[in-house]
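**Q** please find the sequence and the predicted model below.
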There are 2 protein chains.
Amino acid sequence: MKHGGDLLSYEKYYDGDLIDYSSNINPLGPPLGLEDHLSTSYKNLSIYPDIKYRHLKKSISTYLKCQTKNIILGNGAVELIDNLIYLAQRVLVFLPSFLEYEKRAQIQGKEIVYINYSEDFTIDIKEIERKIKKGDLLILGNPNNPTGLRIDQVKLREIYQLTRKINAFLVLDEAFFEFCPKDYDSIEVFKDYEYESLAIIRAATKFFGLPGIRLGYGCTSKKIAKEIENIQLPWSINSYAEASSKVIFSDDKYIRESKAFMENERNFIQEELFKLKKIKIYPSETNFILIKLLKFDEDFVFNYFLERGILIRKCSSFRGLDNTYIRIAIKTRKENTKLLNIFMELENE
Amino acid sequence: MKHGGDLLSYEKYYDGDLIDYSSNINPLGPPLGLEDHLSTSYKNLSIYPDIKYRHLKKSISTYLKCQTKNIILGNGAVELIDNLIYLAQRVLVFLPSFLEYEKRAQIQGKEIVYINYSEDFTIDIKEIERKIKKGDLLILGNPNNPTGLRIDQVKLREIYQLTRKINAFLVLDEAFFEFCPKDYDSIEVFKDYEYESLAIIRAATKFFGLPGIRLGYGCTSKKIAKEIENIQLPWSINSYAEASSKVIFSDDKYIRESKAFMENERNFIQEELFKLKKIKIYPSETNFILIKLLKFDEDFVFNYFLERGILIRKCSSFRGLDNTYIRIAIKTRKENTKLLNIFMELENE
């Protein structure tokens, strides 16, 4: 199983500091006030985190604009996904998507049902209708990884109505939500349903630039929130993750600036990439871009970038993609310019 | 399910700072150099932890004196226990012991076989022999929580031979190991067997005073270590836990002093408690003491201490103990003296 961000394995191939375009983290780094706040939180390491995470849930509920009774927590989003899968009979996974959906289902011995995205990586609801059964858990990346596409709001509502009608459960993995253009917020969209048969998952990992702190959270019905709490490992969120919530979720300036920054860079980088003939890009709505290689395979391009100091993500490890796809992150202007220059060079190979 | 350390729930009942005798953490706090080191590790939060935890495993293998291929890691010891239970058919749990053994087995839908400790809370091997079958996982606290007793080395070897013969798996939960008198080290004892059908679990939680950092680790066969790695959630150890290993495991002075401190306080506090007539103490070999109440029930004593600013652990939530047991931690001389004074007061009730 391959993951992005495995810098340590590739450091030896480049004489200098590798730039990591394989993992999709906010290039601005975490909110500025966090470092000082965590320094003063050092003393918390000597006591157990609150087993009920009362303060943490309060901060998150304010940020997400939902009630604390609806909040679920995890050691990263992936633990939440794992715990939700536990509650299901079968798991419906769209291809291509985040590897862990399938892997966690497998480890738990759940039957997995695969559905392919359409050729443009959108969802054909008829495909869901054809395969979904009572007790199933359907998990959808929104936006999806590695395709970078967000589900249209009207279609999302239709999918939800379908899963509810059939007594299935819908999980929206929205780990990249804040990077997306302002269209809709599923937490608001499904508020009136009180998140019945639905879980929306987010995380501090990507947008708040904190993959190391391990903080996943989400919003679901009161009933499922209780069930998750009952099966969850105790103290699975560490004290620093617990403490970080007091700073990150209320830093409106950081949140606003990060969104504007990403929109700007996404437009810049996509505009340039669209001009190239040897690749095809899937227009992204988040902070990473899926690219189809028209003249090369992933290994060639991976090594091409590695030799030039950039680590990109090969995509054949995503079921449903062959060896002609790569995924790149979006970073700062200086780094993006370096990346674009290499793409330009590649164009002449 | 009840846990120690739930200060937040009881703060309102005492007008002042409650002293927490319900959770068993090194009263000296974490090693001194850790705070500065974690400050400089802040930047690591912006990248994923190494998915293979190469440096972390190296530090732990040096500390435990075993090979890196034998090292297993967890988000606290409890995640390791959970993952080991995953590999088993049935789970054999001694009573009374740490609540999570049973709870994790239950959640995973494993059959649980209960065995009672003898009246003095030692192990009768015949009881194991009678119940154990191929594919079983036998989990033993060593020292055991809440009884505070360590397994005699000769008996431990016998138990291991028995479980191996029958093709069962032995898990030793040694989260409190470093607090024990220097007798034997099971990692050394079972080195020649290359930890076949055995896992020894330890943690930074108790001895290094870091319940908030969530770092469990252990030693098992190369084969089982690989299996655990395959089923484990990715990045389940956070960056600060990863970073802490560079300081805590090599602080020989801290380790030496903590051991000496605990031995000294344990002797002091037990000597005083032995004099009392309304309680019976089970001689502890670690940093907490199980106490049988001869004249009161746990609620009375719990409230008695709470009113006087000390939180103790009621034990009826441990299957196998009724409402006439409490558990106390061992802390600093000043705190222990306060605790002893309340016990003396109780003696006159």
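**A** Nice, I can see it.

**Q** pLDDT score for A:Ser244?
**A** Note on A:Ser244: pLDDT of 98.

**Q** using PDB, list the CA coordinates for the helix or strand harbouring it.
**A** Assigned by DSSP states H and E, A:Ser244 belongs to helix A:239-248. What follows is the C-alpha trace of helix A:239-248 in PDB, where atoms were taken according to Å, rounded to 0.1, in the frame of the first residue of the first chain:
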ATOM      1  CA  SER A 239      -3.400  16.200  24.200                       C
ATOM      2  CA  TYR A 240      -1.800  18.400  21.600                       C
ATOM      3  CA  ALA A 241      -4.500  17.800  19.100                       C
ATOM      4  CA  GLU A 242      -7.000  18.500  21.900                       C
ATOM      5  CA  ALA A 243      -5.200  21.700  22.700                       C
ATOM      6  CA  SER A 244      -4.800  22.900  19.100                       C
ATOM      7  CA  SER A 245      -8.600  23.300  18.800                       C
ATOM      8  CA  LYS A 246      -8.500  26.400  21.000                       C
ATOM      9  CA  VAL A 247      -6.500  28.200  18.300                       C
ATOM     10  CA  ILE A 248      -7.000  26.900  14.900                       C
END
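
**Q** for that helix, buried residues please.
**A** Judged by neighbour count using 16 or more other C-beta atoms under 10 Å in any protein chain shown, the buried positions of helix A:239-248 are A:239-248. (Glycine included, C-beta is placed from N, CA and C.)

**Q** make a markdown table out of those residues and add distance to A:Tyr184.
**A** Rendered in a markdown table, the data for the buried residues of helix A:239-248 read as follows (distance: C-beta to C-beta, whole Å):
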| residue | distance to A:Tyr184 |
| --- | --- |
| A:Ser239 | 34 |
| A:Tyr240 | 32 |
| A:Ala241 | 28 |
| A:Glu242 | 30 |
| A:Ala243 | 31 |
| A:Ser244 | 27 |
| A:Ser245 | 24 |
| A:Lys246 | 28 |
| A:Val247 | 27 |
| A:Ile248 | 23 |
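
**Q** turn the residues you listed into JSON lines, including distance to chain B.
**A** Shown next, in JSON lines, are those (distance: C-beta to the nearest C-beta, whole Å):
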{"residue": "A:Ser239", "distance to chain B": "3"}
{"residue": "A:Tyr240", "distance to chain B": "6"}
{"residue": "A:Ala241", "distance to chain B": "7"}
{"residue": "A:Glu242", "distance to chain B": "8"}
{"residue": "A:Ala243", "distance to chain B": "9"}
{"residue": "A:Ser244", "distance to chain B": "9"}
{"residue": "A:Ser245", "distance to chain B": "14"}
{"residue": "A:Lys246", "distance to chain B": "15"}
{"residue": "A:Val247", "distance to chain B": "12"}
{"residue": "A:Ile248", "distance to chain B": "11"}
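
**Q** going by neighbour count, list what's buried in the helix or strand of chain A with the lowest mean pLDDT.
**A** Across the helices and strands of chain A, mean pLDDT, DSSP states H and E gives its lowest value to helix A:7-10, namely a mean of 78. Within helix A:7-10, the residues that count as buried by 16+ other C-beta under 10 Å are A:Leu7.

**Q** go on, stretch A:325-334?
**A** Neighbour counts using 16+ other C-beta under 10 Å place A:325-331 of stretch A:325-334 among the buried residues.

**Q** among those, which ones are in strands?
**A** Using DSSP state E to define strands, the subset of the buried residues of stretch A:325-334 located there is A:325-329.

**Q** these: which ones sit near chain B?
**A** The subset of those within reach of chain B, counting by C-beta under 8 Å from any C-beta of the partner chain, is empty.

**Q** relative to chain B, which of those is nearest.
**A** Within the set of these, A:Ala329 lies nearest chain B; the separation is 12.3 Å, counting by C-beta to the nearest C-beta.

**Q** on that earlier part again, pLDDT added to the buried residues of stretch A:325-334, as CSV?
**A** Below are the buried residues of stretch A:325-334 laid out as CSV (pLDDT from 0 to 100):
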residue, pLDDT
A:Tyr325, 98
A:Ile326, 98
A:Arg327, 98
A:Ile328, 98
A:Ala329, 97
A:Ile330, 98
A:Lys331, 97
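
**Q** where does the stretch 201-349 of chain A have low pLDDT?
**A** Judged against pLDDT under 70, the stretch 201-349 of chain A has no low-scoring part.

**Q** what ranges do the strands span in it?
**A** A:216-220, A:279-282, A:288-293, A:310-311, A:313-314, A:325-329 (DSSP state E, counting those that start in this stretch).

**Q** still on that earlier bit, tell me how far the helix holding A:Ser244 lies from the chain's centre.
**A** The chain centroid and the centroid of helix A:239-248 are separated by 20 Å, computed with C-alpha atoms, centre = their mean, to the nearest Å.

**Q** do the same with stretch A:62-77
**A** Taking the mean of its C-alpha atoms, stretch A:62-77 sits 16 Å from the chain's own mean (C-alpha atoms, centre = their mean).
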